[in-house]
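**Student:** All I have is the shape, not the residue letters:
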């Protein structure tokens, strides 16, 4: 491959990029982070615009993309669908089509990001389907800023952070475990993490109570990635079993597969039956050493105890959050045709 080939390339799932392409992304992200701390000013995206279409709100995604574009010399534009005429309804009269909206965005900007989660769509996978549909019509790169299936910017940030902290990931063990919270979260961050961790040769242990199974297609792809990389992938209903001997622990709540049928209140009721699924000081003793990884926001006291969250030797969380900035800068620079 050529680095030049990444210009105009969509990132909707890590499965759409080769390992070599993802390695380039990480290399540029680390370079940009180094340059940032050296005080170097870079303008590879000067006079370029990145459109951000947020069907769902965010805590850090908008901040990191906007800051990233500013640091690269460009401009980001926040788009709220409720202030536009775009419609996900295919029926006549429902609003402007995805095709028309996407085509025109490409006349105004050099790149676009989309965030659409389960509460804005009618069925699981529709949000991701919409992104692929936009990619089909778009002449500029479409970046997934979180969908109902994937969150590639987060998972590549996870890899960047783990490499930064523990070095080569081959043979390292990560426990990705369901944790109690009434927040009823999406699958995207977790599913992208296991996919990407397995691709980088880690021993991935996925743990959850019965009834919280993830997408079977994603689990199959994770198994394939583990076989190709020399890693491993196991699934268990025992949190302690997953954590035992783990280098890294990623405790995060996610919804059940029945979310669309039973509604949020029933989900909260179900989750309350598993309050013991929490990353505590006692469980950390099972790990080796059990560094904390989390995409945030963290539900303190439910998903993880404060003593681990605030332990500077164990918690990677704030560095991980910062690395979203550097990873996304690299992604935009590469796909939007920046040069240094």
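**Tutor:** Thanks, I have it. Because the structure is predicted, anything quoted here is derived from the model rather than measured.

**Student:** how close does the nearest residue to residue 108 once chain neighbours are set aside get to residue 56?
**Tutor:** Once flanking residues are discounted, residue 108 sits nearest to residue 49: 6.6 Å by C-beta to C-beta, 6 or more residues apart in numbering. Any C-beta I mention is one placed from the backbone N, CA and C, and that applies to glycine too. Computed as C-beta to C-beta, to the nearest Å, the residue 49 to residue 56 distance reads 22 Å.

**Student:** what number of residues lie near the residue nearest to residue 108?
**Tutor:** Residues lying near residue 49 (other C-beta atoms under 10 Å) number 18.

**Student:** and it, what are its bridge partners?
**Tutor:** residue 75 (DSSP bridges).

**Student:** so it makes contact with residue 109?
**Tutor:** Yes - if you go by C-beta atoms under 8 Å, residue 49 and residue 109 touch, sitting 4.1 Å apart.

**Student:** Quick check: phi and psi on residue 111?
**Tutor:** Residue 111 adopts backbone torsions of phi -170, psi 160, taken as degrees, to the nearest 10.

**Student:** ok, it - contacts?
**Tutor:** Residues in contact with residue 111 (C-beta atoms under 8 Å, 6 or more residues apart in numbering) are 48, 49, 50, 51, 140, 141, 143, 332, 335, 336.

**Student:** same thing with residue 254?
**Tutor:** With C-beta under 8 Å, 6+ apart, residue 254 has these contacts: 178, 185, 186, 187, 190, 208, 212, 214.

**Student:** What score does it have for pLDDT?
**Tutor:** The model reports residue 254 with a pLDDT of 98.

**Student:** and it, how far is that from residue 89?
**Tutor:** When residue 254 is compared with residue 89 (using C-beta to C-beta), they lie 28 Å apart.

**Student:** Kindly report the same for residue 42.
**Tutor:** From residue 42 to residue 89 the distance is 42 Å (C-beta to C-beta).

**Student:** So for those two, which sits in the more crowded spot?
**Tutor:** Neighbour tally, residue 42 and residue 89, criterion other C-beta under 10 Å: the higher count belongs to residue 42, 16 against 11.

**Student:** what's the helix or strand for that one?
**Tutor:** Element membership for residue 42, per DSSP states H and E: none, as it lies in no helix or strand.

**Student:** which residues touch it?
**Tutor:** 32, 35, 71, 72, 73, 340.

**Student:** Just the ones of these in helices?
**Tutor:** When the contacts of residue 42 are checked against helices (DSSP state H), the matches are 32, 35, 71.

**Student:** ok, residue 46 touching residue 74?
**Tutor:** Yes - taking C-beta under 8 Å as the definition, residue 46 is a contact partner of residue 74 at 6.5 Å.

**Student:** Now do residue 249 against residue 179, distance only.
**Tutor:** In terms of C-beta to C-beta, residue 249 sits 10 Å off from residue 179.

**Student:** which one of these two has more residues nearby?
**Tutor:** Shown here are residue 249 and residue 179; by other C-beta under 10 Å, residue 249 has more neighbours (30 against 26).

**Student:** Pretty sure that one sits in a strand.
**Tutor:** Yes - assessed by DSSP: H, G, I helix; E, B strand; the rest coil, residue 249 belongs to a strand.

**Student:** does it really touch residue 175, like I thought?
**Tutor:** Yes - when contacts are counted by C-beta under 8 Å, residue 249 is listed as touching residue 175 (4.8 Å).

**Student:** shared neighbours of the two, anything?
**Tutor:** Counting by C-beta under 8 Å, 6+ apart, the residues touching both residue 249 and residue 175 are 243, 287, 290.
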